[in-house]
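1. Here's my sequence, what's the structure:
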Amino acid sequence: MDGPDLVIAGAGGGLAGALRAAELGLSVVVVESSEHFRRGNNTSMSTAMFPGAGSRWQASEGVDDSPDRFVADIMAKTRGRADARLARTLAEVSGPLVEWLADSAGLPLSLVTDFNYPGHSVPRCHSVPGRHGSGVIDHLARRVREHPDIDLLVPARLVDVTVGGEGAVRAAVVQYPDGRQEEIPTRAVLLATNGFGADRALVERHLPEIAGALYQGSDQSLGDALRIGGGLGASTGYLDAYQGHGAVAAGAGTLVGWATIIHGAIMVDLGGRRFGNETRGYSEYAAELAARPGGTGWIVLDETIFGQCERFKDFRDTVESGVLVWADDAEGLAKATGLPAGALADELAGSAAAARGERPDGHGRTNWERPLAAPYAAVRVVPALFHTQGGLIVNEDAAVVDPGDRPIPGLYAAGGAAAGISGHGADGYLPGNGLLPAFGLAYLAAGAVAGRTTTRDN
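-> Now for the predicted structure:
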């Protein structure tokens, strides 16, 4: 069969899969539908947080972590509803993955130690300078374009996968912007096309609680993997799972970031009142914020938190947009935001007392770095859907399986194209649950295809 050993649809985590496959001696074609993928896909929009349990960076910082501990955190956050097989698979590959991304792919990763995201019992997220996915995509795209064994077709869309008489992949069908189609012979296809967040009908069907919120993801996340995989008899699951976010700046569309909350900020609704324990997680706060009057609220921070968050490019972009307001005291902040002065003053005083340990927080929040102190800053935020977390069911090799758990020969899925490890709904999402399946499953798929190719050649 003439043609590449592997066709990858999607240039997010798919770029890492391509580099891993080429490293293992495979010829690869990457098909990407958007010519603006370096700024328009979900990886490029992320905060570039890669969980890695047991990494060398953790060891150097004295962090005691392991895949077992990571699995326990996943199961605790999802209340035991995550796919246990996939949780174990991704926890075990997470450490080797981040080290490979640094050593082979050349990403300048380091362990994030200045704060810890909700649900991770120890610091295990690794990121790049600026903590923004655009740096990851730019780097990997450059590596892919330079590699002699990888071809990048942009813009082009994978529209179908054909199989032979025994149900094994035999070709990828690619469509170009002028409507012309090309059948590329191959024995393996990796679907890394993300989920279905940009398809309003699918979101309304599977995620009605967040369907009315802002969609802050790739416009190419149209459910291609569900359609192609479903046509080949693939099993699907967890279609009600998603990552939401409760901290997109109104009027700017930039991500304020939940690091503000972890460092001690609070969120109030239009009545000036807090409405929950903010540190439970940013994903579940999207639906909770959407349910408040007006579907919006305010994050209140101070100068110290402002300085702590400046290392995030997203936060700097928010600041540069001019949407933050400042005030010398609670009364001034109420005037600047239009919030009820009495309620806002009560919440600032009450949260400060809880942070000092003078009384329990009425919402059960126990994670306070320090009490907020004037002068205060505030930014109005709206809820958003970032990406879906359900999709095709895969096994330990990232191979897509049918309802009988039998692999479809030559078909693989990664990231939002595959069902993830967030359980159901939004509250099972752990930071990194988007990038780990995207990059980890692509990494595993490359190894599985290389193993099949070697066996066949021998």
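2. Would you check how far apart the residue lying closest to Ala102 once chain neighbours are set aside and Cys309 are?
-> Using C-beta to C-beta, 6 or more residues apart in numbering and skipping residues adjacent in sequence, the residue nearest Ala102 is Leu109, 4.7 Å away. Every C-beta, even on glycine, is put in place using the N, C-alpha and C of the backbone. Remark: distance between Leu109 and Cys309 (C-beta to C-beta, to the nearest Å) = 20 Å.
3. between the two, which one's more packed in?
-> Legend: neighbour count by other C-beta atoms under 10 Å for Leu109 and Cys309, higher for Cys309 (25 against 22).
4. quick one, what contacts the more buried one?
-> 257, 259-260, 263, 301, 315 (C-beta atoms under 8 Å, 6 or more residues apart in numbering).
5. Any chance of JSON lines for those residues, columns secondary structure?
-> Output for the contacts of Cys309, formatted as JSON lines (DSSP: H, G, I helix; E, B strand; the rest coil):
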{"residue": "Gly257", "secondary structure": "coil"}
{"residue": "Ala259", "secondary structure": "helix"}
{"residue": "Thr260", "secondary structure": "helix"}
{"residue": "His263", "secondary structure": "coil"}
{"residue": "Leu301", "secondary structure": "strand"}
{"residue": "Phe315", "secondary structure": "helix"}
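6. between the residues you listed, which is nearest Ala156?
-> Nearest to Ala156 among those is Gly257, at 34.1 Å by C-beta to C-beta.
7. how long is stretch 420-438 end to end?
-> Distance across stretch 420-438, first residue to last, is 9 Å (C-alpha to C-alpha, to the nearest Å).
8. again with stretch 383-392
-> In stretch 383-392, first residue to last residue: 27 Å (C-alpha to C-alpha).
9. now the residue nearest to Ala102: how far from Arg142?
-> Using C-beta to C-beta, we find Leu109 at a distance of 17 Å from Arg142.
10. same deal with Arg187?
-> From Arg187 over to Arg142 (counting by C-beta to C-beta), the distance is 28 Å.
11. related to what we said a few turns ago, in JSON lines: the contacts of Cys309, plus pLDDT and neighbour count.
-> Output for the contacts of Cys309, formatted as JSON lines (pLDDT from 0 to 100; neighbours: other C-beta atoms under 10 Å):
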{"residue": "Gly257", "pLDDT": "94", "neighbour count": "24"}
{"residue": "Ala259", "pLDDT": "95", "neighbour count": "23"}
{"residue": "Thr260", "pLDDT": "97", "neighbour count": "28"}
{"residue": "His263", "pLDDT": "96", "neighbour count": "23"}
{"residue": "Leu301", "pLDDT": "98", "neighbour count": "22"}
{"residue": "Phe315", "pLDDT": "96", "neighbour count": "27"}
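12. how about the residue nearest to Ala102, what does it touch?
-> Leu109 is in contact with 50, 57, 98, 101-102, 126-128, counting by C-beta under 8 Å, 6+ apart.
13. thinking again about what came up before, which of the contacts of Cys309 lies closest to Arg69?
-> For those, the nearest to Arg69 is Ala259 (22.6 Å; C-beta to C-beta).
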